[in-house]
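Chemist: just need the structure, nothing else, for what follows:
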Amino acid sequence: MREIRCEIDTEYRGTEALADLAWRWLTEGAERLEGESFPAALDSTGQVEESLKKSVPGLLWGFLSAHIVSRGRVSNRSRVLTRKNLPMLRKWLALDVQLAETAVYWLDDQGMPGGELLRMGVARDESSRDRVRFSADTSERRFGPAAQASMTGLLRDFSQEVDPSYAQVGYGLSLGRTEHEERVGPPLPSMTLPDSRRLLRGYEWLMVIPCEIAAQLGGGDGIAAAGDFHRVETLRDGAVLLQVTPEFGGFTGEAIEWTWQLVRPVLRPGMPKRFDSDPGGPPSRTWYADIA
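Modeler: Reported below is the predicted structural model:
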């Protein structure tokens, strides 16, 4: 099943600042994206927290988790997603968190987590702990117009607060890479993050171009004049939110080319590689040309 991922990358500004943002992303953000299932999971009954084996098929189920660094070691903590357990998540976030997540599932006919409805994450990579990534993952089959509008609003509102070095909504790829990184390189996001205010990490249907790079493209006015884009909005710190087409599925063909032509001067150079097609994988949304 193909996944849709929203992600926002920015610099780490300390535990206290991250704790509040992470709390709101993992809880309020989850409720904005899953207006019914997230509160229902918090309030669900008939589930025994200590064992999934006793969970009831057909109900909503979720979890809270955190990987916490202490004295050079990482400890993993987790709880079932309930209102009673939410205060524990807030306590974890006050510590040195490497990764924190909330997730919601339907339980299958065996009483085990089946289809994942939503997973929210806040992560600091081991090799780039001066950076923070906010992420939200859902399945493509659930990503209709209403879900797209909710995710667009969430990405916009948090981007107003954190001044992203990059943000986008696109297909979920391995290792948190953008498709441009996957096909042009280098192989790990930690190798592109340090330059992400100088070179754009990628391009997608919905993206936030960081303020430093947006200025090179003429700011919001210059970007709006460069193509028939659905939405161009300058955010508080000068970053520009660009929505190329009204709906996610419309980012094909000419729309991809317009976007590539716009961001071509600020992309990492290289000819994108073509991979063998995967019948179950996402379609490529890359323009196959070198910026040189």
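Chemist: now the helices for the protein?
Modeler: 15-23, 30-33, 37-43, 86-93, 145-162, 179-184, 211-216, 219-225, 253-263 (DSSP state H).
Chemist: buried ones in the second one?
Modeler: Of the residues in helix 30-33, those buried by neighbour count under the rule 16 or more other Cβ atoms under 10 Å are 30, 32, 33. C-beta: built from backbone N, CA, C; applies to glycine.
Chemist: stretch 197-216 now?
Modeler: 197, 200-211, 213-214.
Chemist: from those, which ones fall inside strands?
Modeler: Within the buried residues of stretch 197-216, residues falling in strands by DSSP state E are 206, 207, 208, 209.
Chemist: closest one to residue 38 out of those, please.
Modeler: Relative to residue 38, the closest of those is residue 206; by Cβ to Cβ it sits at 21.8 Å.
Chemist: specify the beta-bridge partners of that closest one.
Modeler: On the basis of DSSP bridges, residue 206 is bridged to residue 169, residue 243.
Chemist: can you pull out the low-pLDDT segments for the stretch 1-150 of the chain?
Modeler: Residues of the stretch 1-150 of the chain that meet the criterion pLDDT under 70 lie in 45-58.
Chemist: now with 90?
Modeler: 1, 15, 35-36, 40-61, 70-72, 106-116, 125-129 (pLDDT under 90).
Chemist: thinking again about what came up before, and of the helices of the chain, who's closest to residue 240?
Modeler: Nearest of the helices of the chain to residue 240, taken as Cβ to Cβ: helix 211-216 at 4.2 Å.
Chemist: give me the residues contacting that closest one.
Modeler: For helix 211-216, contacts defined as Cβ atoms under 8 Å, 6 or more residues apart in numbering pick out 163, 197-200, 220, 223, 234, 237-240, 265-266.
Chemist: at 6 Å what do you get?
Modeler: For helix 211-216, the surrounding residues in contact (Cβ atoms under 6 Å, 6 or more residues apart in numbering) are 197, 200, 237, 238, 239, 240, 266.
Chemist: ok, the first one touching residue 165?
Modeler: Yes: with contacts counted by Cβ atoms under 6 Å, residue 197 reaches residue 165, the gap being 5.3 Å.
Chemist: between those two, which contacts overlap?
Modeler: The contact lists of residue 197 and residue 165 share residue 210, where a contact means Cβ under 6 Å, 6+ apart.
Chemist: just to revisit the earlier point, and the helices of the chain: which comes nearest residue 272?
Modeler: Checking the helices of the chain against residue 272 by Cβ to Cβ gives helix 179-184 as the closest, at 3.8 Å.
Chemist: sorry, back to before: of all the ones in strands among the buried residues of stretch 197-216, which comes closest to residue 91?
Modeler: The closest of those, once distances to residue 91 are taken by Cβ to Cβ, is residue 208, at 31.0 Å.
Chemist: contacts only, for that closest one.
Modeler: If you count contacts by Cβ under 6 Å, 6+ apart, then residue 208 has 159, 164, 167, 239, 241 around it.
Chemist: and these, which two are furthest apart?
Modeler: Spanning the widest gap among the contacts of residue 208 are 164 and 241, at 9.6 Å by Cβ to Cβ.
Chemist: who's more crowded, those two?
Modeler: Using other Cβ atoms under 10 Å, the more surrounded residue of residue 164 and residue 241 is residue 164, with 28 against 23.
Chemist: quick one: contacts for that one?
Modeler: Residue 164 neighbours (Cβ under 6 Å, 6+ apart): 8, 10, 208.
Chemist: could you rerun that using 8 Å?
Modeler: Per Cβ under 8 Å, 6+ apart, neighbours of residue 164: 8, 9, 10, 208, 210, 239.
Chemist: dump the residues you listed into a markdown table; add distance to residue 177 as well.
Modeler: Putting the contacts of residue 164 into a markdown table (distance: Cβ to Cβ, whole Å) gives the following:
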| residue | distance to residue 177 |
| --- | --- |
| 8 | 15 |
| 9 | 12 |
| 10 | 17 |
| 208 | 17 |
| 210 | 17 |
| 239 | 21 |
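Chemist: out of the residues you listed, who's nearest residue 184?
Modeler: The closest of the contacts of residue 164, once distances to residue 184 are taken by Cβ to Cβ, is residue 9, at 17.6 Å.
Chemist: what's the neighbour count on that closest one?
Modeler: With other Cβ under 10 Å as criterion, residue 9 counts 25.
Chemist: picking up where we left off before, what is the most widely separated pair among the buried residues of stretch 197-216?
Modeler: The largest separation in those, counting by Cβ to Cβ, is between 197 and 205 at 22.0 Å.
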